[in-house]
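Visitor: Show me how the following folds:
(2 chains)
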Amino acid sequence: MLEHLKEKVNGDASLTRRGRFLTTTFLIEVGPAQWLVSIVEGKIASVTQGPFVMPSWSFALRASQEEWQKFWTANPRPGSNDLMALIKRRVLKAEGNLQVFMANLRYFKESLEKLRPSGATA
Amino acid sequence: MSATFEPVTGRYMHLDLFGRAHRIYVEEAGQGTPLLCLHTAGSDGRQYRGLMNHPGITANHRVIAFDMPWHGKSSPPAGWHEEEYQLTSAQYTTMILDIMTALELDRPIVMGCSIGGRIALHLALEHPERFRAIIGLQAGAHVDPYYDLNFLHRPDVHGGEVSAAIVSGLVGPGAPVKEKWETLWHYMQSGPGVFKGDLYFYKIDGDIRDRVGGIDTRRCPLFLLSGEYDYSCTPEETLAVAASIRGAEVTIMKGLGHFPMSENPESFIGHLLPVLDKIRNSTPPR
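Guide: A predicted model of the protein is given here:
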């Protein structure tokens, strides 16, 4: 599900330029599946699928597979169109050091929106 | 190449509010029934640029928008550097009524969005005689906090960037790119802690759930318009408010979000004009 994240983010020069002060690893949970996404100076260095024994991450984003699927459609419905909308509905749980997430919120929103079918050229 | 000018004029007004001197920026365009417009939290009166430039609105309405103190081109009052800005219901109400008096507006239509929509409900309840009609955009009676507001004002998070990033998803998907990013730019320009201080009213002090049913639309007509994609004030929340107020008229605006007048002026004006027509046709001449 997250296999194409690296190429899609790294292929967007505007996005990686805005993320150039960001180096971190975060965890994303899609139902029972987990991935660690490592970012170095705005570019995604690796996307590793779990399960993990001792994962280290700055923050984690956890939602059900169903909610992510609704988020990752070309034209998501109201309430599924934005990470903050999912958080507002209490279906996306953000935890950990959220300073990293909030200080780079536009970067993370736009990166994860890249996984929408329409996100290829966004 | 020739320059063009918009039919919008701006002035700085000096006015005492809450016993303190203020310098307040006021913009207006058009002639006719005064239409006083209130911007959202952490933004400014530029949100109404589409209305002020639309002949269908300005032919019959004097459209007025002021930047609240601390916002846009209005200054915070002297001494601000030692204070934490927090907007209260009482201050917000006083500000609107005092500015109306200073501008000698006779029973304007007031239209506010988000925090402006919330205060519109307060005005409908407490001061209906001052208005010809009240229009609440994205007006709910209450919003539960859904993120830690401290992230809006701390040195290791850029306030403008985070404010815009938080609200970006509130813009409807059909918004023209230019208008969406103009709307977000206003958020990026907001002063430190101002969006957070406005949200004190929106999420805490301005909760009107217990009293909203007391609004009497026979004293002043109330119109509620909300965008479909707003997850801050959802259509369901607007419909719940409307259901609790007899005579309130509600429009859910398909495809629009939390900033209808700014994110997609053309689409919004299509919803607003019938409301303004209705107000004009139902208001007896004085």
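Visitor: My read is that B:Pro69 contacts B:Ala78, right?
Guide: No: B:Pro69 lies out of contact with B:Ala78 (CB atoms under 8 Å); the separation is 11.3 Å. For the C-beta atoms, the positions are set from N, CA and C on the backbone; glycine is no exception.
Visitor: ok, those two, which is more surrounded?
Guide: Each of B:Pro69 and B:Ala78 has its neighbours counted (other CB atoms under 10 Å in any protein chain shown); B:Pro69 has more, 24 against 10.
Visitor: OK, contacts around that one?
Guide: B:Leu17, B:His22, B:Ile24, B:Ser75, B:Pro76, B:Pro77, B:Met95 (CB atoms under 8 Å, 6 or more residues apart in numbering or on different chains).
Visitor: out of everything not next to it in sequence, what's closest to the last one?
Guide: It stands for B:Met95. Once flanking residues are discounted, B:Met95 sits nearest to B:Leu17: 5.6 Å by CB to CB, 6 or more residues apart in numbering or on different chains.
Visitor: Read off the pLDDT value for the one you found.
Guide: Turning to B:Leu17, the model gives it a pLDDT of 97.
Visitor: Assess the claim that B:Lys196 and B:Leu149 are in contact.
Guide: Yes: contact between B:Lys196 and B:Leu149 holds when scored by CB under 8 Å: they sit 5.3 Å apart.
Visitor: Which of the two has more residues huddled nearby?
Guide: Comparing B:Lys196 with B:Leu149 by other CB under 10 Å, the one with more neighbours is B:Lys196, at 23 against 17.
Visitor: and the gap between that one and chain A?
Guide: B:Lys196 sits 13 Å away from chain A, going by CB to the nearest CB, to the nearest Å.
Visitor: In contact with that residue, which residues?
Guide: B:Tyr85, B:Leu149, B:Asn150, B:Leu152, B:His153.
Visitor: CA atoms only for the helix or strand of chain B with the lowest mean pLDDT, dumped as PDB, please.
Guide: Within chain B, no helix or strand scores below helix B:235-243, which has a mean of 94 by mean pLDDT, DSSP states H and E. Coordinates of each C-alpha in helix B:235-243 appear next as PDB, following Å, rounded to 0.1, in the frame of the first residue of the first chain:
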ATOM      1  CA  PRO B 235     -23.400  20.400   7.800                       C
ATOM      2  CA  GLU B 236     -24.900  18.200  10.500                       C
ATOM      3  CA  GLU B 237     -24.000  20.700  13.200                       C
ATOM      4  CA  THR B 238     -25.500  23.600  11.200                       C
ATOM      5  CA  LEU B 239     -28.600  21.500  10.600                       C
ATOM      6  CA  ALA B 240     -28.900  20.800  14.300                       C
ATOM      7  CA  VAL B 241     -28.700  24.500  15.100                       C
ATOM      8  CA  ALA B 242     -31.300  25.300  12.400                       C
ATOM      9  CA  ALA B 243     -33.600  22.600  13.800                       C
END
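Visitor: Chain B against chain A: which residues are in contact?
Guide: B:146-148, B:151, B:156-158, B:161-162, B:164-166, B:168-170, B:173, B:228-232, B:234-235 (CB under 8 Å from any CB of the partner chain).
Visitor: at 10 Å what do you get?
Guide: B:143-148, B:150-152, B:154, B:156-158, B:161-173, B:184, B:227-232, B:234-235, B:255, B:257 (CB under 10 Å from any CB of the partner chain).
Visitor: quick one: contacts for the residue in chain B that chain A sits nearest to?
Guide: Closest to chain A within chain B is B:Gly169: 2.4 Å, counting by CB to the nearest CB. Applying CB atoms under 10 Å, 6 or more residues apart in numbering or on different chains, one finds that B:Gly169 lies in contact with A:76, A:81-86, A:88, A:109, A:113, B:229-232, B:257-258.
Visitor: now do 7 Å
Guide: For B:Gly169, the contact set (CB atoms under 7 Å, 6 or more residues apart in numbering or on different chains) comprises A:Asn81, A:Asp82, A:Met84, A:Ala85.
Visitor: tell me which element A:Ser38 falls in.
Guide: Assessed by DSSP states H and E, A:Ser38 sits inside strand A:33-40.
Visitor: Identify the residues contacting that strand?
Guide: With CB under 7 Å, 6+ apart as the test, strand A:33-40 has contacts from A:2, A:5, A:19, A:22-28, A:44-52, A:55, A:57.
Visitor: Can you select the buried ones from those in ChimeraX?
Guide: The ChimeraX selection below is limited to those of the contacts of strand A:33-40 classed as buried (16 or more other CB atoms under 10 Å in any protein chain shown):
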select /A:2,5,19,22,24,25,26,27,28,44,47,57
